[in-house]
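Q: Mind folding the following:
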Amino acid sequence: MLLSGLGHLINQQQTFMEPTENKKSKLTRNIFIALVFGIAIGFVLNKFYVSDENKKIDYYVKNIETYNLVIKEYEADSTSATYKTNASLLAKYKKDRQNSIDHFDAAKQDEVYGKFSQLHQIDDSIKKYENKLKTPRKDTLTDAYSATKSIKNFSEKQLSEVTTKRDKKLEWLALIADIFLRLIKMIVAPLVFTTLVVGIAKLGDIKAVGRIGGKTMLWFISASLMSLLLGMILVNIFKPGEAMHLALPLDSQSTGIDKAALSVKDFVAHVFPKSFIESMANNEILQIVIFSIFFGISAAAIGQKSEKVIKALDDVSHIILKLTGFIMNFAPYAVFGAMAVVIGKQGIGILTTYAIFISEFYFGLLLLWGILILAGSAFIKKRVLVLMKRIKDPILIAFSTSSSEAAFPKTMLELERFGCNPKITSFVLPLGYSFNLDGSMMYMTFASIFIAQSYGIHLPIETQISMLLVLMLTSKGIAGVPRASLVVIAGTLASFHIPEVGIALLLGIDPLLDMGRSATNVVGNSIATAVVSKLEGELAD
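A: Prediction:
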């Protein structure tokens, strides 16, 4: 009923015989109408259809928070002078132990016994101070403590059951957006492979590939650093976390978000595919790009023998681009479903609860857009405004579905219509999905320091710069990881001894923030592609 009402409202009159510009304007209009209609229906669902479940979820969340504070009273006081002294001594003994091991020379037999004796004494001291840090302030064997733990565990179980029940009731709406995202994912991998291989093969020169790649990566690294730095500056100016006044959480609390491992081995394993078929099946864009580059260079190297293969891949890419146009007709329905589910679950109230944080973050995104547009105008002049008008549909799709990937095919089409050479577009845009997620970059520093502020943890500027550099490294090569930004933030918080459970502060509003991040990623990658095309002299007027 809702879908038929939406269909009647947007009055889909698009036919494949209509002029392109007319179809474009209709798609934009329909997406916007679906966006507004989805918010309205989501509000109704939140107030009436899943209101009981939402009230129970709020109740159990508050219960868990209350009992966590009670349980914390039984644990060692990490803010006391005694605790800090013991922690300092523990760190000192651990450092002494490491120094003893580093300077141990097994060749000098007369020192062996002395070293072992020294290490044994240090180990005893470490164990002593570890036990002191674990000493509770209250007796944890009392009935009161057991009852508190039982009620908290019961509340967590009930919260999980009620959340599952609510999600089940909204499942039919979520399915609409899910179908669209699946259709998009169905074409992204073959689209990246065919267009990139054809583009590189037509370049016909490995030096040209290296030159374009160098310019692309220089832009990506500069844009990423600028985005991270902007997030760090704004969160220090606004200080949104200081209003939270939260106590340090329990060590045992979990976020449900896995940490990103800062490992060279993991990074390399994620970049280089062990199987092209597996990479295609999992939509690992970066791995597909790597294989496509090698394939394209090899095809160019053998020259005439590869012409039939390249011609076939070129034809396939055009078929997929045509298929993209068909799938985009379904975009308004996906936008409607996605927005209705988000508002249905979170409600308009989530906007008021975190109004300051959300408004400051979106102000930062708008400022980032301005900087990116300004940087783009330095190369393509006033045409950057024409580009922004061109990519309004991909921006709306990314914003509404919280997925940059959903906008990928449409972005590629619009960039080519704007005048970017297809071989440049097919090279730069896929790389951007792993190396140039500007919206996500800004969010990572903004959110990480916000969590530290919320717990009253002071981070010196040098520590913040170190965090910025760590985020710069850990954020690369995680394209395709679910909730990638939160995964990276969780790993970074742990590295800087900030309670990673602070991620829970953002889980409720992350879908709303992800919408802005995804739209910004589209803007950043589109401008990057246009600039590289201009630098290569491949941007048509």
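Q: okay, CA-based contacts and neighbour counts for the rest of this
A: Will do.
Q: Return the distance of Pro190 relative to Trp219.
A: For Pro190, the distance to Trp219 (Cα to Cα, to the nearest Å) stands at 26 Å.
Q: Run through the stretch 101-250 of the chain and note the low-pLDDT ranges.
A: Residue ranges of the stretch 101-250 of the chain with pLDDT under 70: 101-141, 204-205, 244-250.
Q: Which parts of it are helices?
A: 109-134, 143-169, 171-203, 206-238 (DSSP state H, counting those that start in this stretch).
Q: Reformat these into TSV and put distance to Ile356 next to each item.
A: Shown next, in TSV, are the helices of the stretch 101-250 of the chain (distance: least, Cα to Cα, whole Å):
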stretch	distance to Ile356
helix 109-134	37
helix 143-169	26
helix 171-203	28
helix 206-238	9
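Q: Nearest to the spatial middle of the protein, which residue is it?
A: The centroid of the chain falls nearest to Ser485 when counting by Cα atoms, centre = their mean (3.0 Å).
Q: Might you report the residue contacts of Phe291?
A: Phe291 makes contact with Pro273, Phe276 under the criterion Cα atoms under 8 Å, 6 or more residues apart in numbering.
Q: where does it land on pLDDT?
A: Listed pLDDT for Phe291 reads 89.
Q: just the strands in the stretch 351-500 of the chain please.
A: Shown for the stretch 351-500 of the chain, no strands are assigned by DSSP state E, counting those that start in this stretch.
Q: Equivalent analysis for the stretch 201-350 of the chain, please.
A: Taking DSSP E, counting those that start in this stretch, the stretch 201-350 of the chain contains no strands at all.
Q: how many other residues sit next to Val386?
A: 10 (other Cα atoms under 10 Å).
Q: Now for it: which residues touch it?
A: Per Cα under 8 Å, 6+ apart, neighbours of Val386: none.
Q: What spatial separation is found between it and Ala530?
A: For Val386, the distance to Ala530 - Cα to Cα - is 11 Å.
Q: Repeat that for Asn63.
A: 52 Å.
Q: Glu536 too?
A: 10 Å.
Q: So which of these two has more stuff around it?
A: Ala530 (29 against 15).
Q: Please name the bridge partners of the closest residue to that one other than its chain neighbours.
A: Among residues not flanking Ala530 along the chain, Cys420 sits closest, at 6.1 Å (Cα to Cα, 6 or more residues apart in numbering). Beta bridges link Cys420 to Leu539 when assigned by DSSP bridges.
Q: Run through the residues that contact Cys420.
A: Applying Cα under 8 Å, 6+ apart to Cys420 gives the contacts Thr529, Ala530, Ser533, Glu538, Leu539, Ala540.
Q: could you dump those to TSV with distance to Phe496 and pLDDT?
A: Shown next, in TSV, are the contacts of Cys420 (distance: Cα to Cα, whole Å; pLDDT from 0 to 100):
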residue	distance to Phe496	pLDDT
Thr529	35	95
Ala530	38	96
Ser533	40	93
Glu538	45	88
Leu539	44	91
Ala540	48	89
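Q: Of the residues you listed, which is the most crowded?
A: Looking at the contacts of Cys420 with neighbours defined as other Cα under 10 Å, the largest count falls to Ala530 at 29 neighbours.
Q: Now the element after the helix or strand of the chain with the lowest mean pLDDT, going C-ward?
A: Within the chain, confidence by mean pLDDT, DSSP states H and E is lowest for helix 2-10 among all helices and strands, at a mean of 53. Counting by DSSP states H and E, the next helix or strand C-terminal to helix 2-10 is helix 20-44.
Q: and the direction of that next one versus that of helix 171-203, what angle?
A: Compare the direction of helix 20-44 with that of helix 171-203 by axes from the mean of the first three to the mean of the last three Cα atoms, to 10 degrees and you get 150 degrees.
Q: so what does helix 20-44 touch, helix or strand wise?
A: In terms of contacts (3 or more Cα pairs under 8 Å, 6 or more residues apart in numbering; DSSP states H and E), helix 20-44 is packed against helix 2-10, helix 331-346, helix 392-401.
Q: same thing but 7 Å
A: helix 331-346 (3 or more Cα pairs under 7 Å, 6 or more residues apart in numbering; DSSP states H and E).
Q: what about the helix it packs on, distance to the chain center?
A: 19 Å (Cα atoms, centre = their mean, to the nearest Å).
Q: Just the CA atoms of that helix, as PDB, please.
A: This file holds the C-alpha atoms of helix 331-346, laid out as PDB (Å, rounded to 0.1, in the frame of the first residue of the first chain):
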ATOM      1  CA  ALA A 331      16.500   4.400  -6.600                       C
ATOM      2  CA  PRO A 332      13.500   6.400  -5.300                       C
ATOM      3  CA  TYR A 333      11.900   3.300  -3.800                       C
ATOM      4  CA  ALA A 334      15.200   2.400  -2.100                       C
ATOM      5  CA  VAL A 335      15.600   5.900  -0.800                       C
ATOM      6  CA  PHE A 336      12.100   5.700   0.600                       C
ATOM      7  CA  GLY A 337      12.700   2.400   2.300                       C
ATOM      8  CA  ALA A 338      16.000   3.300   3.800                       C
ATOM      9  CA  MET A 339      14.800   6.600   5.300                       C
ATOM     10  CA  ALA A 340      11.600   5.100   6.700                       C
ATOM     11  CA  VAL A 341      13.600   2.400   8.500                       C
ATOM     12  CA  VAL A 342      16.200   4.900   9.900                       C
ATOM     13  CA  ILE A 343      13.500   7.300  11.300                       C
ATOM     14  CA  GLY A 344      11.300   4.400  12.300                       C
ATOM     15  CA  LYS A 345      14.100   3.000  14.500                       C
ATOM     16  CA  GLN A 346      15.700   6.100  15.800                       C
END
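Q: and that helix, what other elements does it pack with?
A: helix 20-44, helix 171-203, helix 392-401.
Q: Show me what counts as buried in the second one.
A: Of the residues in helix 171-203, those scored as buried under the neighbour-count criterion (16 or more other Cα atoms under 10 Å) are 173-174, 176-178, 180-181, 183-185, 187-203.
Q: Check the first one too.
A: Judged by neighbour count (16+ other Cα under 10 Å), helix 20-44 contains these buried residues: 23-24, 26-28, 30-35, 37-44.
Q: now swap in stretch 214-224 and tell me
A: Lys215, Thr216, Met217, Trp219, Phe220, Ala223, Ser224.
Q: again with stretch 156-176
A: Result for stretch 156-176 [16+ other Cα under 10 Å]: buried residues Glu156, Gln158, Leu159, Val162, Arg166, Asp167, Leu170, Leu173, Ala174, Ile176.
Q: these two touch, right, the fifth one and Val50?
A: In other words, Arg166. Yes - with contact defined as Cα atoms under 7 Å, Arg166 counts as touching Val50 (6.3 Å).
Q: Can you report phi and psi for Arg455?
A: Just so we're on the same page, residue 455 is Tyr rather than Arg. With angles defined as degrees, to the nearest 10, Tyr455 sits at phi -100, psi 10.
Q: what's the neighbour count on it?
A: 19.
Q: same deal with His497?
A: Neighbour number of His497 under other Cα under 10 Å is 10.
Q: pLDDT value on it, please?
A: pLDDT, His497: 78.
Q: And it, its phi and psi?
A: His497 has phi and psi values of phi 60, psi 40 when expressed as degrees, to the nearest 10.
Q: Contact partners for it?
A: For His497, the contact set (Cα atoms under 7 Å, 6 or more residues apart in numbering) is empty.
Q: Look up how far Ser526 lies from it.
A: As judged by Cα to Cα, His497 and Ser526 stand 37 Å apart.
Q: Also Ser454?
A: According to Cα to Cα, Ser454 stands 35 Å off from Ser526.
Q: ditto for Ser227
A: As judged by Cα to Cα, Ser227 and Ser526 stand 16 Å apart.
Q: before we move on, back to that, neighbour count: Ser454 and Ser526, which is higher?
A: Ser526 (26 against 20).
Q: The more buried one: which element?
A: helix 510-535.
Q: That helix - contacts with which helices or strands?
A: helix 206-238, helix 355-380, helix 392-401, helix 422-435, helix 438-454.
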